[in-house]
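K.L.:
Quick check, what structure comes out for this input:
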Amino acid sequence: MAVKERMAELMEMPKDIILNYPKMTVLGKKEIGIENIIGIVEFSDKIIRLNTHTHILKICGLNLIIKSLNGDGIEISGEITNILFE
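P.N.:
Here you go, the predicted structure:
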């Protein structure tokens with residue numbers, strides 16, 4: 001176990017804060033909110049790829065749109081078919 005991960009457990013702090021993991025809130029197949037992103041790598045109405053502190057996150061679907069983008073968070077809507085970690 002990595003030092004930061006162990007510290008998070010010992011201090012009883014959320015790992016997404018200590019380790020900068022992306023935090024996702026998925027509402028059915030229609031919306032997803034993601035925190036702790038660095039930026040957008042690719043954007044189309046079928047694929048949105050996001051750079052995070054730990055990996056690339058790929059959202060696949062139909063009619064995807066970015067509803068909001070602020071600081072380190074993004075909200076995406078459309079018909080979401082896949083969420084992949086690259």
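
K.L.:
in which helix or strand would I find the residue nearest the centre of the chain?
P.N.:
Closest to where the C-alpha atoms of the chain average out (C-alpha atoms, centre = their mean) is Ile34, at 3.9 Å. Element membership of Ile34 [criterion: DSSP states H and E] is strand 31-35.

K.L.:
so who does Ile74 touch?
P.N.:
Counting by C-beta atoms under 8 Å, 6 or more residues apart in numbering, Ile74 makes contact with Gly33, Ile34, Ile37, Ile40, Leu50, Ile66, Ser68. (Glycine included, C-beta is placed from N, CA and C.)

K.L.:
And those residues, which two are furthest apart?
P.N.:
Across these, no pair lies farther apart than Gly33 and Ile40, at 14.7 Å, counting by C-beta to C-beta.

K.L.:
Look up phi and psi at the most far-flung residue of the chain relative to its centre.
P.N.:
Of all residues in the chain, Leu10 has its C-alpha farthest from the mean position, at 25.3 Å, by C-alpha atoms, centre = their mean. Main-chain dihedrals, Leu10, degrees, to the nearest 10: phi -60, psi -40.

K.L.:
can you check Asn36 too?
P.N.:
Here is the backbone geometry of Asn36 (degrees, to the nearest 10): phi 70, psi 40.

K.L.:
Ignoring the adjacent residues along the chain, who's closest to it?
P.N.:
Of all residues not flanking Asn36 in the chain, Pro22 sits nearest, at 4.8 Å (C-beta to C-beta, 6 or more residues apart in numbering).

K.L.:
contacting residues for the one you found?
P.N.:
Per C-beta under 8 Å, 6+ apart, neighbours of Pro22: Asp16, Ile34, Glu35, Asn36, Ile37, Leu50, Thr52, His53, Thr54, Leu57.

K.L.:
quick one: which two of those residues are the most distant?
P.N.:
Maximum distance among the contacts of Pro22 (C-beta to C-beta): 14.9 Å, for Asp16 and Leu50.

K.L.:
ok, the two, which is more surrounded?
P.N.:
Counting neighbours by other C-beta atoms under 10 Å for Asp16 and for Leu50 shows that Leu50 has the greater number, 21 against 14.
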